[in-house]
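# Output the structure for:
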Amino acid sequence: MSSTNNEKTLKLKIWQQNLNTSLITQQSILNGPNVKDWNVYAFQEPHINSLHNTYSPSSYHVVYPSTHLTHPELASRAVTLISKSLNTNHWQQLPFPSPDVVVIQLLGPFGRCTLFNIYND
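Numbers count the residues shown, from 1 in each chain. Okay, here's the model as predicted:
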């Protein structure tokens, strides 16, 4: 198969990690020198502050479980960060009725890719 300069290959780079609610761990990952090398961060047990938000650099969209605002009494134990370099017209959150799951669907030259970020205790 031949390739030309006009062909573009999109590689999604995904970092997955259980943070054990550690703000220090979360900040060290997201403030590191290679933070922009990753398109998606799938965190389980992220640090959630007293305002029910998590820490994220401004270059990422934070996607909480669909229940995050409707059921604030349930702790969100999965959070997905999507790089702002990915066009927002090419991804969407799919609703899922659990504070432990974030579902994202991405569209691109690779077709349709559904990413499940699941905290499983």
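# so where do the helices sit in this structure?
Under the criterion DSSP state H, the chain contains helices at 23-30.
# Give me the most central residue, it.
residue 80 (2.2 Å; C-alpha atoms, centre = their mean).
# Give me the pLDDT value at it.
In the prediction, the pLDDT value recorded for residue 80 is 98.
# Beta-bridge partners for it, please?
residue 42, residue 63 (DSSP bridges).
# That one is in contact with residue 43, isn't it?
Yes: between residue 80 and residue 43 a contact is recorded at 7.4 Å, counting by C-beta atoms under 8 Å. For glycine as for every other residue, the C-beta is placed from the backbone atoms N, C-alpha and C.
# Which neighbours do the two have in common?
Counting by C-beta atoms under 8 Å, 6 or more residues apart in numbering, the common neighbours of residue 80 and residue 43 are residue 117.
# nearest spatial neighbour of residue 94, skipping sequence neighbours?
With C-beta to C-beta, 6 or more residues apart in numbering as the measure, residue 103 is the residue that lies nearest to residue 94, at 4.2 Å, once sequence neighbours are left out.
# What is the burial count for the one you found?
Here the neighbour count serves as a burial measure; for residue 103 (other C-beta atoms under 10 Å) it reads 20.
# Spit out the contact partners of it.
Contacts for residue 103 were tallied using C-beta under 8 Å, 6+ apart; they are 93, 94, 95, 96, 114, 115, 116, 117.
# same check, this time on residue 30
With C-beta under 8 Å, 6+ apart, residue 30 has these contacts: 41, 55, 56, 57, 60, 81.
# got a list of what the third one touches?
Think residue 56. Residue 56 makes contact with 30, 62, 81 under the criterion C-beta under 8 Å, 6+ apart.
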